[in-house]
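Visitor: What follows is a predicted structure for the sequence shown.
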Amino acid sequence: MTKVFQQLDTIEKRIFWGLCATILVLLFMYGYFVNTTVLNIVERKNLEEGLESLRSTFSSLESEYLALTGKIDTEFAKSLGFNETKNVKFVTRTGFAVNLASGINSR
């Protein structure tokens, strides 16, 4: 084996060692990317489990909210001190459109 290395020229030795270095770098990169992929899969699994926990909590809160909204009526509002208004007035935004239309027609 040593005779084979002694017979190689310097250019061939450089090419050989360059290829060896490239193979080593590629092996390290492969290991790094496989490791990163495995860690991401584990993290995603943990996040999915946490998401299931949040969904169940949200579901219970939503059912509690719906149960409480069913109890709200005029009697409940009166018990809290709210009164019905006799004279109801509403505000509209039609004045802005009328001003634009009158501005165009006045030219």
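Guide: Now that the structure is in, tell me what you want to look at. Numbering: from 1, shown residues only.
Visitor: longest single helix anywhere in this protein?
Guide: When the chain is parsed with DSSP state H, its longest helix is helix 10-69.
Visitor: so what secondary structure elements neighbour it?
Guide: Helix 10-69 sits against no helix or strand, with contacts defined as 3 or more Cβ pairs under 8 Å, 6 or more residues apart in numbering; DSSP states H and E. Where C-beta positions appear, they are placed from N, C-alpha and C, glycine not excepted.
Visitor: quick one: secondary structure of Asn87?
Guide: Following DSSP: H, G, I helix; E, B strand; the rest coil, the label given to Asn87 is coil.
Visitor: Tell me where the model's unsure across the protein.
Guide: Residue ranges of the chain with pLDDT under 70: 1-8, 94-107.
Visitor: 50 instead, please
Guide: Along the chain, the model assigns pLDDT under 50 to residues 107.
Visitor: okay, now Phe33: neighbour count?
Guide: 10 (other Cβ atoms under 10 Å).
Visitor: ugh, wrong one, I meant Leu39
Guide: Counted with other Cβ under 10 Å, Leu39 comes out at 10.
Visitor: Relative to Phe33, how far out is it?
Guide: Distance check for Leu39 against Phe33: by Cβ to Cβ, to the nearest Å, it reads 11 Å.
Visitor: now Cys20
Guide: Distance from Cys20 to Phe33, by Cβ to Cβ: 21 Å.
Visitor: and if you look at Lys45?
Guide: Lys45 is 19 Å from Phe33, by Cβ to Cβ.
Visitor: cool, and Phe76?
Guide: Going from Phe76 to Phe33 by Cβ to Cβ gives 61 Å.
Visitor: Helix or strand: which one has Glu84?
Guide: Here Glu84 sits in a region with no helix or strand, counting by DSSP states H and E.
Visitor: isn't it right next to Thr74, touching?
Guide: Yes. Counting by Cβ atoms under 8 Å, Glu84 does reach Thr74; the two are 7.5 Å apart.
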